[in-house]
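> predicted structure and sequence below. I'll ask about it afterward.
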Amino acid sequence: MEATINPGVGRVPWNKDKLTGQKPPLKLREIWGIRIRLQLAGRARELALFNLAIDSKLRACDLTKLRVRDICLGSRVAPRATVTQQKTQRPVQFEITEPTRESAAAWIREAGLSSSDYLFPSRIHGSAHLSTRQYARLVHRWIRSIGLDDTAYGTHSMRRTKASLIYRRTKNLRAIQLLLGHAKLESTVRYLGIEVDDALEMAEQTEV
């Protein structure tokens, strides 16, 4: 009699020992914790990357492919930029705050980058720009540097951070939808997980 083979037996689940689900955004004190460490270490490239990741709210695939001309007007870093998203082919505009402009300008000078160059060129031979995998490794290193469990965070934590902070201050979902470049408001609600968070927050503030 032929034995029945169960394809699931002996196979290790892909998510074994890994935390899955929404990656949490960074809190304000955590942003500054990472920023200060990168400044003190003199990591100009990583500081510019970290600051732009927070401000732009771009997916990793779009952030790593930024060119100098995408954020600059002539020789100066612009206060705003517009990028066409790879996933949706929809343009999204983002602000570039003064600290981010300063760190990006410092990196461009240090690296001697020209307008057509990738903003974050790869240090690996054969790759023109920083890969999403390399970026993810940097994100995990930043998270570990401030004593957090890096397995709970990822590149989407960077994308969600400023959007979450803005929502907490304004409760303006439409604004967040535009900033993230979502076609549907439902996508923004789901992405931020705000309905659950708001319900928990109200429950915590309600005494019975």
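Received, thanks. Numbering: from 1, shown residues only.
> just the element for the spatially most central residue of the chain, please.
Against the mean C-alpha coordinate of the chain, by CA atoms, centre = their mean, the closest residue is residue 158 at 2.7 Å. Assigned by DSSP states H and E, residue 158 belongs to helix 155-170.
> where along this structure do the strands fall?
With strands called from DSSP state E, the chain shows them at 72-73, 76-77, 80-84, 91-95.
> okay, and the beta partners of the closest residue to residue 65 other than its chain neighbours?
Distances taken as CB to CB, 6 or more residues apart in numbering put residue 129 closest to residue 65, at 5.8 Å, once the chain neighbours are dropped. All C-beta atoms are positioned from the backbone trio N, CA, C, and that covers glycine. Beta bridges link residue 129 to residue 121, judged by DSSP bridges.
> contacting residues for residue 129?
64, 65, 118, 119, 120, 121, 122 (CB atoms under 8 Å, 6 or more residues apart in numbering).
> what about it, distance to residue 137?
Counting by CB to CB, to the nearest Å, the separation of residue 129 from residue 137 is 15 Å.
> repeat that for residue 60.
With distances defined as CB to CB, the gap from residue 60 to residue 137 amounts to 11 Å.
> ok, the two, which is more surrounded?
residue 60 (21 against 12; other CB atoms under 10 Å).
> I figured that one hits residue 133, correct?
No. With contacts defined as CB atoms under 8 Å, residue 60 does not count as touching residue 133, sitting 9.1 Å away.
> so where's this structure shaky on pLDDT?
Along the chain, segments meeting pLDDT under 70 span 1-21, 126, 191, 194-208.
> residue ranges of the helices in it, please?
When secondary structure is read from DSSP state H, the chain shows helices at 28-40, 44-56, 60-63, 68-71, 98-111, 132-145, 155-170, 173-180, 185-192, 194-204.
> return the most buried member of the ones you listed.
By mean neighbour count, with neighbours taken as mean count of other CB atoms under 10 Å, helix 44-56 ranks first of the helices of the chain at a mean of 23.
> how close does residue 39 get to residue 165?
In this structure, residue 39 lies at 20 Å from residue 165, with CB to CB as the measure.
> could you do residue 40 as well?
According to CB to CB, residue 40 stands 24 Å off from residue 165.
> again with residue 76
Using CB to CB, one gets 26 Å for the distance from residue 76 to residue 165.
> one more: residue 187?
Counting by CB to CB, the gap from residue 187 to residue 165 is 19 Å.
> cool, and residue 23?
In this view, residue 23 and residue 165 are 15 Å apart by CB to CB.
> off-centre distance for stretch 177-192?
Taking CA atoms, centre = their mean, to the nearest Å, one finds the center of stretch 177-192 at 15 Å from the center of the full chain.
> er, stretch 106-115 I mean
A distance of 22 Å separates the centroid of the chain from that of stretch 106-115, by CA atoms, centre = their mean.
> let's number from 7 now, not from 1
I'll keep to 7 as the first residue from here, and by that count the last item is stretch 112-121.
> and it, end to end?
Length of stretch 112-121, first residue to last, CA to CA, to the nearest Å: 15 Å.
> what comes into contact with it?
Contacts made with stretch 112-121 from outside it, assessed by CB under 8 Å, 6+ apart, are listed as 50, 51, 53, 54, 73, 74, 75, 78, 83, 125, 127.
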